[in-house]
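Asks: Model the structure of this input:
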Amino acid sequence: MKVHDYHPGNRQLQDKFGTRRLADRMSDRVSDSITPDGREFIEKARMFFLATCDERGLPTCSYKGGDPGFVRVVDEHTIAFPNYDGNGKYQSMGNLLQNPNAGLLFIDFEGQARLRLQGVASIDEDDPLLAEYHEAQFIVRVRVTESYPNCPRYIHKLQLVEPSEFVPRSGQETPQPKWKSNPEYRD
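Replies: Residues are numbered from 1 along each chain as shown. Reported below is the predicted structural model:
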């Protein structure tokens, strides 16, 4: 179990709002491994948010989606997920090549729960998992440095209406999004 270290900015606000003792107790829930419950939560996820920083240190956050199981817990310290075709910018993935530190936020809107992961990412075009993901370009593995459940208090209860038709699935052709046929985006 790893105890989270708070920096002066965290402590300043904890002291201002009287939450230092609560924060210290919450840090006991921070680990460098994924629990069995965390594994189940991650592997049921249809989506997560990925935070990365560019070479200037400027952050960005992207949505990553797929069918349940598209994120795999390889072992208690490592997750893996595919990179699929997107808008061609490779903003998040390019950031990871320059700065491998990543933050991942998994949210279950129906069950109103969330899990945070922090870790160090690597990208591998020859990863053995690549063959298991239809149309994946490469696999991203994240070595977890921090894993912890996060307060679900403000999660809006939402339900899935239908999964995205654009998620690559074996045995069916993945449609091209309409925006890619716009003349201004064609080569």
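Asks: For the worst-scoring helix or strand of the chain on mean pLDDT, name the packing helices and strands.
Replies: Lowest mean confidence among the helices and strands of the chain (mean pLDDT, DSSP states H and E): helix 20-26, at a mean of 91. Using 3 or more Cβ pairs under 8 Å, 6 or more residues apart in numbering; DSSP states H and E as the contact test, the elements touching helix 20-26 are helix 8-16. (Each C-beta comes from the backbone N, C-alpha and C, glycine too.)
Asks: Would you mark the buried spots in the helix it packs on?
Replies: Neighbour counts over helix 8-16 (16 or more other Cβ atoms under 10 Å) mark Q14 as buried.
Asks: Need the CA coordinates for that helix. PDB is fine.
Replies: C-alpha atoms of helix 8-16 as PDB (Å, rounded to 0.1, in the frame of the first residue of the first chain):
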ATOM      1  CA  PRO A   8       1.700  22.500  -0.100                       C
ATOM      2  CA  GLY A   9      -1.200  23.500  -2.400                       C
ATOM      3  CA  ASN A  10      -3.200  20.400  -1.200                       C
ATOM      4  CA  ARG A  11      -2.400  21.200   2.400                       C
ATOM      5  CA  GLN A  12      -3.300  24.900   2.100                       C
ATOM      6  CA  LEU A  13      -6.800  24.100   0.900                       C
ATOM      7  CA  GLN A  14      -7.200  21.100   3.300                       C
ATOM      8  CA  ASP A  15      -6.400  23.400   6.200                       C
ATOM      9  CA  LYS A  16      -8.600  26.300   4.900                       C
END
